[in-house]
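Peer 1: Fold the following, please.
(one chain, ligands or ions: 2)
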Amino acid sequence: MEAYQTLYDTQGYVLIPPSVLLPTSSPLFQDLLTASAHVVAKTRSGAWSHRRTVGKQFPPFDSDNPDSWGVQHVMHPDLGEDALVFQRWYTGEEVRRVVCALMRCRDEDLQMELFNLLINPESHEFALRWHRDDVREDATTEEEEKALGIWTHGVQWNTALYEDDCLYVVPGSHKVPRTPEQRVHSSSPDPPKDPLAMPGSIKVTLQPGETVFYNSNIVHCGTYTHTRPRATLHACIGSTQGGASRARNILQHGLAWMEDSQAFREGLSEQGRAMLDRTIGMKRGVGEGVGFSQTN
Ligand SMILES: O=C(O)CCC(=O)C(=O)O
Ligand SMILES: [Fe+2]
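Peer 2: Ligands and ions are numbered 1, 2, ... in the order given. A predicted model of the protein is given here:
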């Protein structure tokens, strides 16, 4: 675990093999694959409206385009048995152990955040511009320094169910403001024509069952094609040690259902319920109107 921590701290991301979190031979892998197929079908048919819409890169997502690049809130109780499969893995011991190690926190500090599924659009090519999740593209160097200094109380990860080479990152950029040249590549709302033209960038390729944990304020982007299947579990967990520092990044996705649904609470394990209670505590502490991280 220590080697993973060191890599995560220095690079801003770390690859974790399937054996640690999701062996492809495990029944859980099959269950997650099946549950994913169900929720993708519901999203494509319009039966599930919480989705990431092609044409819209960041929250709030609209419903302008019928095609989707993500399924939102896969633990939502309205998704029935499938939601339970997603919950079981997200709140399970394996995930919690790695998350605690990377954030150097205790199990009692973990707060439930987001769990979504990233999928291939059905009939479009789409891409996200170079960005940091919770820092705007026009932030000054000083603003970037300040934001990056507090961004250690949450981890985000992608676990691939099919081979996935959609994500690009700039290793080390979670700690330092962008260089003038990197700013040129990350200041417009348009996605890059060639992601590798960004100085220092690399493509992250995941095999089925493999995970990349990343600091979501690392400079990163994504390219999506309809020509290959993508079903990648996309989640984050925070630590209560961060106080309200995670609030905007998380609450902008709309998490009232977590607090309001008795069915959701009842479906969770004891550890899951404790994680939920910590999130509700943070939510009540910050009140309404946290706003959005990005303006486009
Ligand atoms: O598609 C990905 O892997 C990255 C998604 C992303 O960067 C985001 O949702 O902000
Ligand atoms: Fe992002």
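
Peer 1: Could you double-check that D134 sits in contact with S293?
Peer 2: Yes. Using Cβ atoms under 8 Å, D134 is in contact with S293, at 4.6 Å. Any C-beta I mention is one placed from the backbone N, CA and C, and that applies to glycine too.

Peer 1: Show me whatever sits in contact with both of those two.
Peer 2: 248-249 (Cβ atoms under 8 Å, 6 or more residues apart in numbering).

Peer 1: gap between the residue in the stretch 101-250 of the chain that ligand 1 sits nearest to and T10?
Peer 2: Closest approach of the stretch 101-250 of the chain to ligand 1 (Cβ to the nearest ligand atom) occurs at G222, with a separation of 3.3 Å. In this view, G222 and T10 are 23 Å apart by Cβ to Cβ, to the nearest Å.

Peer 1: Compare these two (neighbour count), which wins?
Peer 2: The residue with more neighbours, out of G222 and T10, is G222; 22 against 13, by other Cβ atoms under 10 Å.

Peer 1: Check for me that the more buried one belongs to a strand.
Peer 2: Yes. Counting by DSSP: H, G, I helix; E, B strand; the rest coil, G222 is found in a strand.

Peer 1: Let's see the distance spanning stretch 156-167 from one end to the other.
Peer 2: Distance across stretch 156-167, first residue to last, is 13 Å (Cα to Cα, to the nearest Å).

Peer 1: so for it, what's the average pLDDT?
Peer 2: Stretch 156-167 carries an average pLDDT of 98.

Peer 1: need the contact list for the closest residue to T295 other than its chain neighbours.
Peer 2: Leaving out its chain neighbours, the residue that sits closest to T295 by Cβ to Cβ, 6 or more residues apart in numbering is R136, at 6.7 Å. Going by Cβ under 8 Å, 6+ apart, R136 touches 293-295.

Peer 1: Looking at these, which are in helices?
Peer 2: Using DSSP state H, no member of the contacts of R136 falls in helices.

Peer 1: For those residues, give me TSV that also has pLDDT.
Peer 2: TSV is the format used below for these (pLDDT from 0 to 100):
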residue	pLDDT
S293	82
Q294	84
T295	76
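
Peer 1: Please check those residues and keep the buried ones.
Peer 2: In those, burial by neighbour count holds for 293-294, counting by 16 or more other Cβ atoms under 10 Å.

Peer 1: And the lowest mean pLDDT element among the helices and strands of this protein?
Peer 2: helix 247-251 (a mean of 87; mean pLDDT, DSSP states H and E).

Peer 1: could you point out which element follows it?
Peer 2: Next along the chain after helix 247-251, taking DSSP states H and E as the criterion, comes helix 256-260.

Peer 1: what mean pLDDT does that next one have?
Peer 2: Summarised as a single mean, pLDDT over helix 256-260 is 93.

Peer 1: after that helix comes which helix or strand?
Peer 2: helix 262-267.

Peer 1: mind listing the helices for the stretch 101-250 of the chain?
Peer 2: For the stretch 101-250 of the chain, the helices defined by DSSP state H, counting those that start in this stretch cover 141-149, 180-184, 247-251.

Peer 1: for the second one, which positions count as buried?
Peer 2: So the one you mean is helix 180-184. Quick answer for helix 180-184 (16+ other Cβ under 10 Å): 182-183.

Peer 1: Now it: average pLDDT?
Peer 2: The pLDDT scores in helix 180-184 average 98.

Peer 1: Now whichever helix in the chain runs longest: buried residues?
Peer 2: Looking across the chain with DSSP H, the single longest helix is helix 27-45. Buried residues in helix 27-45, defined by neighbour count with 16+ other Cβ under 10 Å: 29, 31-32, 35-36, 39-40, 42-44.

Peer 1: so what secondary structure elements neighbour it?
Peer 2: In terms of contacts (3 or more Cβ pairs under 8 Å, 6 or more residues apart in numbering; DSSP states H and E), helix 27-45 is packed against strand 68-71, helix 80-90, strand 110-119, strand 231-239.

Peer 1: Put the alpha carbons of that helix into CSV.
Peer 2: Provided in CSV are the C-alpha atoms of helix 27-45 (Å, rounded to 0.1, in the frame of the first residue of the first chain):
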residue,chain,number,x,y,z
PRO,A,27,-18.7,-12.9,-9.0
LEU,A,28,-18.8,-9.2,-8.1
PHE,A,29,-17.2,-8.2,-11.4
GLN,A,30,-20.0,-10.1,-13.2
ASP,A,31,-22.6,-8.5,-11.0
LEU,A,32,-21.3,-5.0,-11.7
LEU,A,33,-21.1,-5.8,-15.4
THR,A,34,-24.8,-6.9,-15.4
ALA,A,35,-25.9,-4.0,-13.2
SER,A,36,-24.1,-1.6,-15.5
ALA,A,37,-25.7,-3.0,-18.6
HIS,A,38,-29.2,-2.5,-16.9
VAL,A,39,-28.6,1.1,-15.9
VAL,A,40,-27.1,1.9,-19.3
ALA,A,41,-30.1,0.5,-21.1
LYS,A,42,-32.4,2.5,-18.8
THR,A,43,-30.4,5.7,-19.5
ARG,A,44,-30.5,5.2,-23.3
SER,A,45,-34.2,4.4,-23.3
